[in-house]
Every structure is written in structure tokens, then in C-alpha cells.
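[1] Give me the fold of what follows.
(chains A, B, C and D)
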Number of protein chains: 2
Amino acid sequence: MNLKDTRTQILDAAQELIQRLGVNAISYQDISVAVGIRKASIHHHFPTKDDLIATLLDRYNAYFLRLVDNIIAMPIPADEKLRRYCGLFEATLSSGNHDKACLCGMLGAELATLKNPLVERVAVFYRNNEERLATILNEGRNTGVFGFPGDVKAMATLIFSLLEGGILIVRASGGVEQYRAVIEQLMQLVKG
Amino acid sequence: MNLKDTRTQILDAAQELIQRLGVNAISYQDISVAVGIRKASIHHHFPTKDDLIATLLDRYNAYFLRLVDNIIAMPIPADEKLRRYCGLFEATLSSGNHDKACLCGMLGAELATLKNPLVERVAVFYRNNEERLATILNEGRNTGVFGFPGDVKAMATLIFSLLEGGILIVRASGGVEQYRAVIEQLMQLVKG
DNA sequence: GTCTATAGCGCGATAGAC
DNA sequence: GTCTATCGCGCTATAGAC
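    Below you'll find the predicted structure:
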């Protein structure tokens, strides 16, 4: 199954490019080269760039949150769930041609250049992730594997911020090894 | 002293725009409108866009690191130093017309679109900040005000990542209040 | 040092043939 | 559903008058 329909190929190429370069640095031309069709053909599938980004965000949010919910549903301790959650971001960084950030992390930096249906989709991604993190943190506290002080909600935002921020920061020099060290440090902090 | 020379006005306007919108979303036209001159005049001061960004990065790095070093030199406990360091980022977020991220945080997202003299300047900013943070963390551990587990170097990267990431994330909804809550949570974690 | 004018290019988007 | 061709625009950058 290495022959996907054109629409999917367009979305895949656009996502890869945006995760590496940002939405304001890529064009229909770039995507058309990656897919091997002409840019008029892309306009047939996605009339405007905002149509493409909106579809991309819906697909990304659904895909990523399904992975997260699968982790949460596993019969494993909360610390192992947190580690696997962090692993999703680490996998993003190392996947494909490398140096890919989270799609919504990139769009977060460029947020003020987006129109409103797109801004809301990014905000929803953040909200959903922080909510899932809070679930894991609460479970870990209740079962005694987590002993961190302070507020669960603030802690969830803190973890999400460092995962999104770290994936951007380490691309400048330390790479995935530095990222892994940060996650390891986080695990120690959470256990308290 | 509200009348600066044109060169400084150009740098100020460019910095404000990039911190809000990103380097790939702004143009000489945008800067010229903000300053009130024609874009050909900007090319007189900074022939190419890369010249402008390079100058901007040098100025920003020097300015920010001077603030940090001033904090480190103060005769106050390490936890107070860390709080003030975080305050620099919080002040960035709330300053001017609001929703400004760290200049190098924005460029970190767009890093793969930058040419090499600029990439290196961003990497240096990261390195210098993590080094300063490590200094504060070591001091806090030695004086007993910090009790966090794990490695100082990893902890410095973790803190820098969450400050850079958080400033991007909270712009989507929670704003500066959410940012303050994250910093407060961090302070509790560091004290251990 | 600032201006007008323009070159040269890439962009998003559309029309219409096949 | 993909193509060629093209429109109109904004971009970086330059030339040359004042």
C-alpha cells in the first residue's frame, strides 16, 4: 500500500514541509514539486491555501489525539503513559527527513498570521493535549507514582510547553539526544 | 528622548513585527509603513533582509544577555534570580502591542528557512541562555534553596524550552495569566 | 539620506483544453 | 483530474534624481 490517492499525497507533502519550514515559507509550488504534479492540480483538490491548512489541521488533530487516547487507555502505570506521550513528540522530531516540529507548534509561532477558523483549530489542539496531560497527571498522583508539588493544570501546561518548545529549540544544535535528556529530566521532576 | 535615529527606528519596527508575526511573514513594505519612510530608504540602511536580521539578532542577543547578567550579579537568593529571569520572558509577552514572543523563539520555528550566519546567531542565543540558567541552578543547589533531582544541564534546557515554548503556546488562549501560572509551577518544582 | 520608478521574480488563484 | 497559460499582486533589490 505505497500508492495513496493524490489528495492524501498532497496533505502528506504539505504537512512535512510545514513541520520543517513553517506555513509562511511554503507554497503550492513546493508541494507540487514534492508530489510530482502541477500546482493547478492542487487547487483542484484544495481551492485555497486556507482550505488545505484547515483539512490538514483536522487530520492532524484527529490522528494525534487518537494516539494519545490509545496511550491513556493502556493498562500501564501513569509514569509509563507520560513517557509514551513524550515519545510521540520525540518521534515527530526524528521522523521523515528529520527536524520536524509538531504541526501545531509551528503554527503557534505563526499564529498571528492565520485567519480565524485556523487559529481556533490550533487552540483546540493545545486545549485537548493539556486536558489529556492533566488526566495522566491526576491518575499518577492518585496511584502514588507521581509526587510533584503544585497544581495539575499548571503542570500540564508546563509539560506541554516544554515539549512544544523543546522540539523547536533542540533543532538548533542538540538534536534528539538533547530532547531525550530533557524528557528524562521531566520524568524525575514529576515523580517528585 | 523619543526621537531616535532612523536606523534604530527600523530595527525597533522590524523586531516588533517579527516577534509577533515571524520573519517569513514580514516585508520591507511592512517596516516602511511602521516607520513612516519608503522601503528604498530601508535598503539604504540594510541592503538585504539578511543584513537587517543579522544586525537585529546581534542587538537582541547583547541586550537580553546584559539583562540576564545583571540579574545574576545581584545580591539576592538564586530562587529570586530565577524568578526574575522568567520575568524577562513574561515582560516580552506583555510588552508593546502584546502577543510578542522571544525573537529567537520565533526564529527557532523558522530556523530551516534561514541561511547560515543567522542560524548560528540563534543557536548562540540558546547556548548562552542555557549556560546562564545552569549558573543560577548550580548556585541555588549549592546554597540549598533548590532541591530538584537530576542533572543541572538537562534542567537548564528544560526550563529554557518551557519558557520559549510557553510564550508561543499561551498566545492561543490563556495569555499572560496562564504564563504566570506555569512559571509559578516551575518555581515549586525547582525548590523540590 | 530619502525619494520615485522599475526590474525581475514567485506567489495564490483562475480559465479553459484535454 | 490533470494539464498549459495567464492574471494581478507583492516581494527583494537596484538605479538614479534630489
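
[2] so A:Ala123 sits right up against B:Ser173, yeah?
    Yes: counting by C-beta atoms under 8 Å, B:Ser173 is a contact partner of A:Ala123 at 5.0 Å. Every C-beta, even on glycine, is put in place using the N, C-alpha and C of the backbone.

[3] And stretch A:91-111, how far out from the chain middle?
    Computed by C-alpha atoms, centre = their mean, to the nearest Å, the separation of stretch A:91-111 from the middle of its chain amounts to 6 Å.

[4] mean confidence for that stretch?
    Averaging pLDDT along stretch A:91-111 yields 96.

[5] Also stretch A:147-162?
    Rounded mean pLDDT across stretch A:147-162 is 98.

[6] again, but for stretch A:7-23
    98.

[7] Could you say which helix or strand holds the nearest residue to A:Met187 once chain neighbours are set aside?
    Leaving aside its chain neighbours, A:Met187 sits nearest to A:Arg83 (6.3 Å; criterion: C-beta to C-beta, 6 or more residues apart in numbering or on different chains). Using DSSP states H and E, A:Arg83 maps to helix A:78-94.

[8] in the helix or strand containing A:Ala40, what's buried?
    For A:Ala40, the element it lies in under DSSP H and E is helix A:39-45. Neighbour-count burial for helix A:39-45 flags A:42, A:45 (criterion: 16 or more other C-beta atoms under 10 Å in any protein chain shown).

[9] you'd agree A:Ile159 is up against A:Leu186?
    Yes: counting by C-beta under 8 Å, A:Ile159 touches A:Leu186, with 6.6 Å between them.

[10] and stretch A:32-46 with chain B, contact?
    No: figure legend: stretch A:32-46 not in contact with chain B (C-beta under 8 Å from any C-beta of the partner chain); closest approach 14.9 Å.

[11] got the end-to-end distance for that stretch?
    12 Å (C-alpha to C-alpha, to the nearest Å).

[12] can the longest helix along chain A be found next to DNA strand C?
    Ranked by residue count and defined by DSSP state H, the top helix of chain A is helix A:116-143. No: Helix A:116-143 stays clear of DNA strand C (C-beta under 7 Å from any atom of the strand), getting no nearer than 12.5 Å.

[13] Would you mind pulling up the elements that that helix packs against?
    If you count contacts as 3 or more C-beta pairs under 8 Å, 6 or more residues apart in numbering or on different chains; DSSP states H and E, helix A:116-143 packs onto helix A:49-73, helix A:78-94, helix A:103-109, helix A:152-169.

[14] quick one, what contacts the residue nearest to A:Arg141 when sequence neighbours are not counted?
    Beyond its immediate neighbours in the sequence, the residue positioned closest to A:Arg141 (C-beta to C-beta, 6+ apart) is A:Val152, lying 7.1 Å away. By C-beta atoms under 8 Å, 6 or more residues apart in numbering or on different chains, the contact list for A:Val152 reads A:134, A:137-138, A:141.

[15] Would you reformat those as CSV and include neighbour count?
    Below are the contacts of A:Val152 laid out as CSV (neighbours: other C-beta atoms under 10 Å in any protein chain shown):
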residue, neighbour count
A:Ala134, 19
A:Leu137, 22
A:Asn138, 15
A:Arg141, 17
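
[16] DNA strand D next: which of the residues you listed are close?
    Counting by C-beta under 7 Å from any atom of the strand, no member of the contacts of A:Val152 reaches DNA strand D.

[17] Show me which residues of chain A sit near DNA strand C.
    Contact residues (C-beta under 7 Å from any atom of the strand) of chain A with DNA strand C: A:26-30, A:39-40, A:43, A:47-50.

[18] In a markdown table, list the residues you listed along with distance to B:Asp79 and pLDDT.
    Formatted as a markdown table, the residues of chain A next to DNA strand C follow (distance: C-beta to C-beta, whole Å; pLDDT from 0 to 100):
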| residue | distance to B:Asp79 | pLDDT |
| --- | --- | --- |
| A:Ile26 | 44 | 98 |
| A:Ser27 | 48 | 98 |
| A:Tyr28 | 51 | 98 |
| A:Gln29 | 52 | 98 |
| A:Asp30 | 48 | 98 |
| A:Lys39 | 55 | 98 |
| A:Ala40 | 60 | 98 |
| A:His43 | 56 | 98 |
| A:Pro47 | 55 | 98 |
| A:Thr48 | 51 | 98 |
| A:Lys49 | 47 | 98 |
| A:Asp50 | 46 | 98 |
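
[19] Buried only: go through these for me.
    Members of these classed as buried by 16+ other C-beta under 10 Å are A:26, A:28, A:30, A:49.

[20] what's the closest of those residues to B:Phe89?
    Relative to B:Phe89, the closest of these is A:Ile26; by C-beta to C-beta it sits at 28.6 Å.
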